[in-house]
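**Q** build the 3D model from these lines:
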Amino acid sequence: MELRVVRSTDRFDEACRFYGEVLGWPVTKEWTDGGRGRIFGHGESARIELMETDGEPDPVSGVFLSAEVDDLEAMIARLRAGGVPLVQEPAVQPWGHRNLAVIDPTGIRLVLFQVL
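**A** Have a look, this model is predicted:
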């Protein structure tokens with residue numbers, strides 16, 4: 001089984017660069033028939049599916065994504081090298097995580113965390 005978040009976007013190339021090059025998530029599937037789409041994997045069962053749209057995508061409200069990483073410091077370096085601003089600086093949380101937040105090119109808030 002997998003959990004897949006699907007996002008239509010008019011910023012397809014930017015979003016693919018963010019998830020593929022900046023975060024380093026591998027492409028698990030892509031297509032061009034009927035429009036461009038690409039699925040990026042994270043771990044064994046989490047996926048984000050990006051589908052290109054010509055029009056304005058629906059705004060994101062009241063939801064964010066959270067993804068565990070092995071090395072938050074290495075991820076911070078990747079984000080900074082990719083020119084991605086942090087909207088929440090790294091912080092230790094009372095539940096035993098150290099996390100940070102960014103906004104992906106499609107407007108989704110992404111919290112990246114490492115278990116302490």
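**Q** use CA for all of it now, contacts and neighbours both
**A** Noted.
**Q** my read: residue 54 touches residue 12, true?
**A** No - contact criterion CA atoms under 8 Å: residue 54 and residue 12 do not qualify, at 9.9 Å.
**Q** more neighbours: which of these two?
**A** Legend: neighbour count by other CA atoms under 10 Å for residue 54 and residue 12, higher for residue 12 (21 against 11).
**Q** contact partners for that one?
**A** By CA atoms under 8 Å, 6 or more residues apart in numbering, residue 12 lies in contact with 50, 51, 52, 53.
**Q** list the contacts of residue 15.
**A** With CA under 8 Å, 6+ apart, residue 15 has these contacts: 50, 104, 105, 106.
**Q** select from those the one having the most neighbours.
**A** Counting neighbours by other CA under 10 Å, residue 50 comes out on top of the contacts of residue 15 with 25 neighbours.
**Q** give me the element that one is part of.
**A** strand 46-52 (DSSP states H and E).
**Q** buried residues in that strand, which are they?
**A** Judged by neighbour count using 16 or more other CA atoms under 10 Å, the buried positions of strand 46-52 are 47, 48, 49, 50, 51, 52.
**Q** same list (these) but as CSV, adding pLDDT.
**A** Conversion of the buried residues of strand 46-52 to CSV gives the following (pLDDT from 0 to 100):
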residue, pLDDT
47, 94
48, 95
49, 96
50, 97
51, 95
52, 95
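**Q** so which of the residues you listed is the closest to residue 62?
**A** Using CA to CA, residue 48 comes nearest to residue 62 of the buried residues of strand 46-52, at 17.8 Å.
**Q** residue contacts, the nearest residue to that closest one once chain neighbours are set aside?
**A** Excluding the flanking residues, the one nearest residue 48 by CA to CA, 6 or more residues apart in numbering is residue 5, at 4.8 Å. Contacts for residue 5 were tallied using CA under 8 Å, 6+ apart; they are 47, 48, 49.
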